[in-house]
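Participant: The sequence and its predicted three-dimensional model are supplied below.
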Amino acid sequence: MSIVLTSAGDNPTPADWGIRMSVTPSRSTSVRPRLLAALLAGFLALGGSLVSVTAAHAATGYVGTSNPYVEEYFDTRSGNRTLPLMTGGVAYSAQLKGPQFGGESTYKWSISDGSLPEGISLSPEGTYSSTATFSGTPEAGPFSFTVSLFDGEGSMELVFSGTVESGKTPTVTTLSVPEFAPYSALTLSATVVGTPSGTPTGSVEFRIGSEVIGTATLVAGVAETSAVFALADVGSAKTVTAYYLGDEDFSTSNSSGGDVVLYSRDARGTVLWNGVPVAGATVQLLVQGEVLEVADSDTSDEFGGYLLTAPTPQHDFELAPVYLIRATLPDSTVLHYAAGEFNVSDLDDAERVGMLGWGIDLEVLRGTPPAWSDQSVTDGRVGNSYSDGVSVTSRNTDVEFAVTAGSLPPGLSLDGGTGAITGTPTEEGVSTFTITADNGFGVVSKALSITILRAGIPPTWDDEELPEFRVSVAVTDGVSAEGDPTIVYSVTEGTLPAGLSLNSATGAITGTPTTEGAYTFVITAENEFGSIEAEFTGEVGAKPDLGLKLDFKAGTRIEDAKSTISAEGLLVGSEYVLTLHSKPRELYTGTVDSTGGFTWQVAIPKDTPAGSHRLVLTGTAADGRAMSDTAWFSLGADGRIIAISYSGPVGGGLANTGAEPLNTGIPGLVLVLLGVAAVIVARRAQLSPRLR
């Protein structure tokens, strides 16, 4: 059945509008603002006043004005200062265009006073454009707002005020229905159309007389319901009326669609003989002696042995008590069925019985016990809504469920007709019980248990601190939260530093950072009872480094010799040491502070003996690795540095620090040099006579 509703009405009454203009002084030599300022100056000199002026809007829209000069700018410079009329609840879109000077002139549009009608927005705002768009679905009611146009140097204003009309108009519905309709569940529909344009909301009632046979909510202007009729309604004519109940914007209305004639189309059942289903019978549907449809009965132990469907009645077809089912058994026995009786052997008597009803099954005398189709239940939690249950398959749809042993958890109950278990558990613990299902042909039972857990606990942070991150320093840390049930961790904003990953089950953060730089990320801990967030910002530091620099060179006196020690990325609280070798002598010892680094200048002891020496700086990286840096230098007997090195020992060995003394080598070298000089002198003495 189709119900179509239409409507018509009047347009809303226009409103009056206030208009004004203001000009922001220009701080440049722009032609437009200066010209506008000059015009305004002349206007004021003639006694003009920049006050609000009232004017009626045009019949087709709302016109914004300020004073004649601004109006002339808009009207003579291809501008637009008119907004079309608005109706409450009706989608709206309109544009204003600023005056055009030469090429495309753009303005920054804004609402400088008042507010737009509820549901309407302005676009764009904050950027320059030649036009501004007003769009949305307005709500009915008064409003007042001022539109400001700013070209970077000066501004103009247009004032709008008025009332958005509600659009409440009568809605007329019309209804049409088919002359015939199949019996039982019929789908009724109604379409409601509003005037002026718009989609009414609310509900539609479908009635027969004063009886409401269905109510439906409008969805996109259409309401549908299903009406169910009784067997006694077959063959009768029903007058259906649709009532639109109205909403805030549209009034109520109704429409009657005349009579709909209900008839039966289907008959189904199982052929019985002496109360036992018969296989192989031929079943016929007859009307006024004419065979309409033929079906074979099913196997002897199944329901629904036949299904017969009558044709749709025609206009000249009278719905009379003439439907008949005739079954011919394999042994040629003929059975007839009509209007609730079976085993009727006299055809004449059968045709005098009432009309066949839709969907009537012949009586089934055999049946089987129910069988479980769902015999498991889930656990629950205190305070949480619970919905589960058991179910069976049954040829007899009348099944009764019951708890026959034990008891359900406190707060839960069993639906005896459906097997559903619902409610809100109130106590922790394990409940064991037995559920039975009885369909009249047998009983099945199932022992079950439900564990009710404690009430859910949303997450709370137990550890939301992370260490300082450094390139190449392995990280084994993370965050943790407490709660029940299981908590899942995830990065919901930003990203972890490159090289690190988050374990969603434990909150552990592991890996080795690979890149220096700033990071920002948010970790969320969540279970079904809540979520919490922790934000982390910082910078991934450089790779751990330990540095030893000799701040002197060859020729520097020992009392002026100093070295610079520095580090970054060390383990906070660990110890670092500068040692002079080879007879170890600690020159400086310190503890790494919260920065993870240090820089100090340390003097070489003045009493350092002549010879070759080694300086060693040791420390511990943030990941626990031992680190060191080494430099070498040699010191002469005169107390001056002979040489320095960062790659290996220099000079004649280590003196009083435990190696070969440097001063034993120097006298030997002097003796060698004196020997060489003596040889040279003797050689020259031998050559002298030849030269003479």
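Facilitator: Structure received.
Participant: how close does the residue lying closest to Leu186 once chain neighbours are set aside sit to Glu205?
Facilitator: Spatial nearest neighbour of Leu186, chain neighbours left out: Ala227 (5.1 Å); criterion: Cβ to Cβ, 6 or more residues apart in numbering. C-beta coordinates here come from the backbone N, C-alpha and C atoms, glycine included. Distance of Ala227 to Glu205, computed by Cβ to Cβ, to the nearest Å: 12 Å.
Participant: Show me the common contact partners of the two, please.
Facilitator: Gly214 (Cβ atoms under 8 Å, 6 or more residues apart in numbering).
Participant: show me what contacts the residue nearest to Leu186?
Facilitator: Ala227 neighbours (Cβ under 8 Å, 6+ apart): 185-186, 188, 206, 213-214.
Participant: Now it: phi and psi?
Facilitator: As for Ala227, its main-chain torsions (degrees, to the nearest 10) stand at phi -110, psi 130.
Participant: correct me, but Gly246 touches Thr252?
Facilitator: Yes. Gly246 lies in contact with Thr252 (Cβ atoms under 8 Å); the separation is 3.9 Å.
Participant: Next, count neighbours for Asp398.
Facilitator: 9 (other Cβ atoms under 10 Å).
Participant: How about Val219?
Facilitator: 10.
Participant: measure it to Thr201 for me?
Facilitator: 9 Å.
Participant: now Tyr489
Facilitator: Counting by Cβ to Cβ, the gap from Tyr489 to Thr201 is 44 Å.
Participant: Equivalent analysis for Leu308, please.
Facilitator: Leu308 is 44 Å from Thr201, by Cβ to Cβ.
Participant: more neighbours, these two?
Facilitator: Leu308 (20 against 17).
Participant: Bridged to that one, which residues?
Facilitator: Ala267 (DSSP bridges).
Participant: I'd assumed Val291 was in contact with it.
Facilitator: No. Leu308 sits out of contact with Val291 when judged by Cβ under 8 Å, with a separation of 10.5 Å.
Participant: joint contacts of these two?
Facilitator: Common contact partners of Leu308 and Val291 (Cβ under 8 Å, 6+ apart): 284-285.
Participant: Which residue ranges of the stretch 351-500 of the chain form helices?
Facilitator: Assigned by DSSP state H, counting those that start in this stretch, the stretch 351-500 of the chain shows no helices.
Participant: Any stretches of it with poor pLDDT?
Facilitator: 351-368, 395-397 (pLDDT under 70).
Participant: quick one: the strands in it?
Facilitator: Secondary structure of the stretch 351-500 of the chain (DSSP state E, counting those that start in this stretch): strands at 371-374, 380-381, 386-389, 391-393, 400-406, 412-414, 420-423, 429-438, 443-453, 457-463, 475-478, 480-484, 488-494, 500-502.
Participant: which other helices and strands contact the helix or strand following the last one?
Facilitator: In other words, strand 500-502. The helix or strand immediately downstream of strand 500-502 is strand 508-511, counting by DSSP states H and E. Counting contacts by 3 or more Cβ pairs under 8 Å, 6 or more residues apart in numbering; DSSP states H and E, strand 508-511 packs against strand 475-478, strand 500-502.
Participant: Mind listing what's buried along the shortest one?
Facilitator: By neighbour count, and taking 16 or more other Cβ atoms under 10 Å as the criterion, the buried residues in strand 500-502 are 500, 502.
Participant: where are the low-confidence patches of the stretch 151-300 of the chain?
Facilitator: Using pLDDT under 70, the stretch 151-300 of the chain drops low at 166-185, 195-198, 230-232, 234-235, 249, 256-259, 263-278, 287-290, 292-293, 295-300.
Participant: Show me the strands in it, by range?
Facilitator: Using DSSP E, counting those that start in this stretch, the strands found in the stretch 151-300 of the chain span residues 155-164, 180-182, 186-191, 203-208, 211-217, 222-227, 237-244, 253-263, 266-269, 272-273, 276-277, 282-287, 290-296.
Participant: Would you mind extracting the C-alpha trace of the fourth one into PDB?
Facilitator: Listed next in PDB are the C-alpha coordinates belonging to strand 203-208 (Å, rounded to 0.1, in the frame of the first residue of the first chain):
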ATOM      1  CA  SER A 203       5.600  11.100  13.100                       C
ATOM      2  CA  VAL A 204       2.700   9.800  11.000                       C
ATOM      3  CA  GLU A 205      -0.100   7.700  12.500                       C
ATOM      4  CA  PHE A 206      -1.900   5.100  10.300                       C
ATOM      5  CA  ARG A 207      -5.500   4.500  11.500                       C
ATOM      6  CA  ILE A 208      -8.500   2.400  10.600                       C
END
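Participant: follow-up on the earlier one: could you single out the most deeply buried of the strands of the stretch 351-500 of the chain?
Facilitator: strand 380-381 (a mean of 22; mean count of other Cβ atoms under 10 Å).
Participant: And what about Tyr69, helix, strand or coil?
Facilitator: helix (DSSP: H, G, I helix; E, B strand; the rest coil).
Participant: Which pLDDT value goes with it?
Facilitator: With respect to pLDDT, Tyr69 has a value of 77.
Participant: Give me the distance between it and Thr476.
Facilitator: Tyr69 is 75 Å from Thr476, by Cβ to Cβ.
Participant: now Gly389
Facilitator: Gly389 is 48 Å from Thr476, by Cβ to Cβ.
Participant: Gly154 too?
Facilitator: 64 Å.
Participant: Might one say that Arg326 is in contact with Val294?
Facilitator: No. Assessed by Cβ under 8 Å, Arg326 is found out of contact with Val294, at 9.8 Å.
Participant: ok, those two, which is more surrounded?
Facilitator: Arg326 (19 against 12).
Participant: I'm done for today, thanks for sticking with me.
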